[in-house]
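Student: Sequence isn't available, so here's the structure alone:
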């Protein structure tokens, strides 16, 4: 467990203090768009977290991770820091989990901040003197779905980064994989009988999506751990 915390500390410092001003502007821009622009466009309806708004809250953190998760291992390889990391006493599992936990926590934290900012934005601009809050069940579902979606992006991205020689190759594979995931999701949705969809309420649909994402996350995380073998990475 101490190895994992060591990796979390290392990755957190790299995430927060590298990249000069860009390291600060990216999350601030993300939070501003998701916490001000979209909520003000939707008005008080934003607080209902309807399917469209829920999709927005899930999609943006997912894409945010996709944009840089390819650097997780391939970037270390390009910068010739992977050998140093693998030569340390930190276990393989701790290295992998540290990268995934920090990446997911970073994106999830920004999404949570966006939800809070969105709450304040719509109430200040459209409220009638009394504050209205998110529906508790929809807010909880949003937080869980964002966590599962970001874990999907991080675990799948690390797996692709492990098998990529360069960051560019990893990013290209991630983009293609994301497009393929979108197409497969649409095809799967079209294959579901309309009668079944109409029989389900919103909360039941959210629970089904959570279950699918949870199973997929577990599979990708296990595959990533199985693929992260120090001896193979050193030779590569």
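Tutor: Thanks, I have it. Computed from a predicted structure; not experimentally measured. Residues are numbered from 1 along each chain as shown.

Student: CA atoms for contacts and neighbours, from now on please.
Tutor: Noted.

Student: Can you name every helix or strand that the helix or strand that contains residue 208 contacts?
Tutor: For residue 208, the host element (DSSP states H and E) is helix 202-227. Packing contacts for helix 202-227, counted by 3 or more Cα pairs under 8 Å, 6 or more residues apart in numbering; DSSP states H and E, involve helix 92-126, helix 136-162.

Student: Which one of those helices lies nearest to residue 178?
Tutor: Of all those, it is helix 136-162 that lies closest to residue 178, at 9.0 Å by Cα to Cα.

Student: how far away is the nearest residue to residue 173 once chain neighbours are set aside from residue 225?
Tutor: Leaving aside its sequence neighbours, residue 173 sits nearest to residue 160 (Cα to Cα, 6 or more residues apart in numbering; 7.3 Å). Residue 160 sits 12 Å away from residue 225, going by Cα to Cα, to the nearest Å.

Student: Can you pick out the residue with more neighbours from the two?
Tutor: residue 160 (23 against 18; other Cα atoms under 10 Å).

Student: contacting residues around that one?
Tutor: For residue 160, the contacting residues are 70, 170, 173, 174, by Cα atoms under 8 Å, 6 or more residues apart in numbering.

Student: Local confidence estimate at the first one?
Tutor: The one in question is residue 70. At residue 70, the model reports a pLDDT of 86.

Student: I'd say it and residue 170 touch.
Tutor: Yes - applying Cα atoms under 8 Å as the test, residue 70 and residue 170 come out as touching, 5.0 Å apart.

Student: Quickly list what's touching both of these two.
Tutor: Going by Cα under 8 Å, 6+ apart, residues that sit against residue 70 and also against residue 170 are 160, 161.

Student: circling back: identify the farthest-apart pair in the contacts of residue 160.
Tutor: With Cα to Cα as the measure, no two of the contacts of residue 160 lie farther apart than 70 and 173, at 8.9 Å.

Student: Look at the two and report which has more neighbours.
Tutor: For residue 70 and residue 173, the more surrounded residue by other Cα under 10 Å is residue 70, and the numbers stand at 28 against 17.

Student: which ones are touching the more buried one?
Tutor: Contacts of residue 70 (Cα under 8 Å, 6+ apart): 157, 158, 160, 161, 167, 168, 170, 171, 174.

Student: ok, how many other residues are close to the fourth one?
Tutor: Meaning residue 161. Other residues close to residue 161 by other Cα under 10 Å number 28.
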